[in-house]
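Chemist: This is a predicted model, with the sequence first.
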Amino acid sequence: MSTTIIVTSAAELNQALSQASGGETILLTAGDYGSLNLHNTNFASNVTIQSADPNAKASFSDVHLKQSSNITFDSIKFDYSFSGGDHHFQSKFGVYDSQNITFNNSIFDGDVASGTGTSADGTGYGTGLNIAGSTNININNTEFSQWWKAVIAVNSDGINVTGNDIHTIRSDGLVFDNVDNILVENNHLHDFGGAAGSGDHRDMIQIQRAYGSGSDNITIRNNLFDMANGDFTQTIWAGGDGKNIDDPSVIHHNVLIEGNTIYNGHFHGISLYGVDGLTITKNSVLHVDEKTLTGGIEIPAINVSAGSKNVTIDQNITSQIVGYNGQADWNVANNALIQPSEYDQNFTYQATAQGNGYNQYVVVPGSLADTLNAGSAVSHGATGSTPPQQVTPGGSQPNTNPTPPDSGSGQPDTGSEQPDTGSEQPDT
């Protein structure tokens, strides 16, 4: 039988956790509960730490779980405040060598740097959530904002990221390295922005090999990636990280990229290198004016290294597909290759970032994408496809005459920009 315990202070919370065995729900009244450090805390079944009132969330300034299991946080505010001397990769919230940890309906509230005397001032700082050496970690319906990087997961198995709002990030949204069984589904990633002059490298999702191994069983499905009023980013990126992508030990296996909608201004819309067993299907990879990039407009594309094996690329909307040259184990078919100069004939602009704070292009009936049934459900006007309006105050209605995107006449990125090496270790 489950037990509900109401606590009003950090001391009462620690006492409740020390007495819990499994199945308890610990309700926290509103307030700041400071630091929570659980080491070797393993329950027989799930214990939930939850705000008593989800509209008045209890908060923590520091949470570290080590060698612990069966813990859920629900409707909690994880609240970071910048302090002088913090590293840009500071990690106040982490899960290490743990199992069956869940974050539901919560907020990871970052902060901006100040007083550093560098370009970092005024931009997101620290890592929202750091995961290492762990199994079965779930992040659901949670908001991450104002971080250097939102989530980093390394050397782990079973990371599920579903239904989250990830925005106002200085560098990367989701970083995975040597992680098997990844699910990233139904998330909204948008409005990233770097520190001017810092050389920040932004990826909404980055799959690395810095630890010398590939990752297997990766699903990235039905997400909305929108540059919106932020800076251009690479959207879904799995580069070489300086490794030999023909080396079997660093190849990624069994990767599905399906049903995603991308609005961006960088050549690397969906770019993956060194994959065996890759399906890229029914994605919309669309161009918007990148605003701040010098040297020409960059039009997002689908880009797969030519040596990848067992590849299917079908029913996508994109400007071009790079890497295919007739390989026998590749199936490339029914893709709608549409250039930005052709968007007026192929889409109606239900919303644009300039007028609404977000983008929404809908396929015109009878157009190429409609005929091929190419692109995401969002691009075909799926019910509920309009994202919340985080940028436009007052909840204004979509602009009835949105400004169309730039025609994109410039040259694309050559792909020479290097991804984050992952060599900087977060604070544990």
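Modeler: That came through, no problem. Numbers count the residues shown, from 1 in each chain.

Chemist: any low-confidence regions in the stretch 101-250 of the chain?
Modeler: The stretch 101-250 of the chain contains residues with pLDDT under 70 at 195-199.

Chemist: One more pass at 90, please.
Modeler: 113-123, 193-201, 230-232, 240-242 (pLDDT under 90).

Chemist: ok, which stretches of it are strands?
Modeler: 107-109, 111-112, 124-125, 127-132, 135-140, 143-147, 149-162, 165-169, 174-185, 188-190, 203-208, 216-221, 224-226, 234-238 (DSSP state E, counting those that start in this stretch).

Chemist: Export those strands to TSV and append columns for mean neighbour count.
Modeler: Using the backbone N, CA and C atoms, a C-beta is placed for each residue, glycine as well. Formatted as TSV, the strands of the stretch 101-250 of the chain follow (neighbours: other CB atoms under 10 Å):
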stretch	mean neighbour count
strand 107-109	21
strand 111-112	17
strand 124-125	28
strand 127-132	26
strand 135-140	20
strand 143-147	23
strand 149-162	23
strand 165-169	24
strand 174-185	22
strand 188-190	25
strand 203-208	27
strand 216-221	20
strand 224-226	26
strand 234-238	27
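
Chemist: List the contacts of stretch 88-99.
Modeler: 60-71, 78, 80, 101, 108, 113, 120, 125-137, 148-149, 152, 424-428 (CB atoms under 8 Å, 6 or more residues apart in numbering).

Chemist: same thing but at 7 Å, please
Modeler: 61-69, 78, 80, 101, 108, 120, 125-137, 148, 424, 426-428 (CB atoms under 7 Å, 6 or more residues apart in numbering).

Chemist: and what of stretch 39-51?
Modeler: 17, 20-28, 57-58, 66-76.

Chemist: what bits of the stretch 251-400 of the chain have low per-residue confidence?
Modeler: 289-298, 354-355, 382-400.

Chemist: in it, which spans are helices?
Modeler: 343-346, 353-356, 368-372 (DSSP state H, counting those that start in this stretch).

Chemist: could you redo the ones you listed as JSON lines and give each row mean neighbour count?
Modeler: As requested, the helices of the stretch 251-400 of the chain are exported to JSON lines (neighbours: other CB under 10 Å):
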{"stretch": "helix 343-346", "mean neighbour count": "16"}
{"stretch": "helix 353-356", "mean neighbour count": "20"}
{"stretch": "helix 368-372", "mean neighbour count": "17"}
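
Chemist: between those helices, which one is nearest to residue 222?
Modeler: With CB to CB as the criterion, residue 222 lies closest to helix 368-372 of the helices of the stretch 251-400 of the chain, at 17.4 Å.

Chemist: Just the CA coordinates for the closest one, please, in PDB.
Modeler: Listed in PDB are the C-alpha atoms of helix 368-372, where the atom choice follows Å, rounded to 0.1, in the frame of the first residue of the first chain:
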ATOM      1  CA  LEU A 368       5.300  18.000 -54.600                       C
ATOM      2  CA  ALA A 369       5.400  17.200 -50.900                       C
ATOM      3  CA  ASP A 370       1.700  16.500 -50.900                       C
ATOM      4  CA  THR A 371       1.900  14.200 -53.900                       C
ATOM      5  CA  LEU A 372       4.700  12.200 -52.400                       C
END
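
Chemist: Can you name every helix or strand that that helix contacts?
Modeler: strand 336-337 (3 or more CB pairs under 7 Å, 6 or more residues apart in numbering; DSSP states H and E).

Chemist: Can you tell me the strand partners of the strand it packs on and which way each runs?
Modeler: strand 317-318 (parallel) (DSSP bridges).

Chemist: thinking again about what came up before, return the subset of the contacts of stretch 39-51 lying in helices.
Modeler: residue 17 (DSSP state H).

Chemist: from the contacts of stretch 39-51, which would you call buried?
Modeler: Buried members of the contacts of stretch 39-51, scored by 16 or more other CB atoms under 10 Å, are 17, 20, 24-28, 57-58, 66, 68-76.

Chemist: I'd like the distance from residue 270 to residue 280, if you could.
Modeler: 6 Å (CB to CB, to the nearest Å).

Chemist: do residue 203 as well
Modeler: For residue 203 relative to residue 280 (CB to CB), the value is 17 Å.

Chemist: repeat for residue 180
Modeler: 20 Å.

Chemist: try residue 317
Modeler: 12 Å.

Chemist: same deal with residue 331?
Modeler: 11 Å.

Chemist: Likewise for residue 57?
Modeler: From residue 57 to residue 280 the distance is 38 Å (CB to CB).

Chemist: Please apply the same query to residue 313.
Modeler: 5 Å.

Chemist: Settle it for me: which of those two has more neighbours?
Modeler: Ranked by neighbour count (other CB atoms under 10 Å), residue 313 and residue 280 place residue 280 first, with 28 against 24.

Chemist: what's near enough to touch the nearest residue to residue 108 once chain neighbours are set aside?
Modeler: Spatially, and ignoring its direct neighbours in sequence, residue 108 is nearest to residue 128 (4.2 Å; CB to CB, 6 or more residues apart in numbering). By CB under 7 Å, 6+ apart, residue 128 lies in contact with 93, 108, 110, 144, 147, 150-151.

Chemist: Need those residues in CSV (columns: distance to residue 52).
Modeler: Output for the contacts of residue 128, formatted as CSV (distance: CB to CB, whole Å):
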residue, distance to residue 52
93, 21
108, 20
110, 25
144, 23
147, 27
150, 27
151, 27
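
Chemist: Which residues outside stretch 362-373 are in contact with it?
Modeler: In contact with stretch 362-373 (CB under 7 Å, 6+ apart) are residues 315, 317, 334, 336, 338, 345-348, 350, 375, 379-381.
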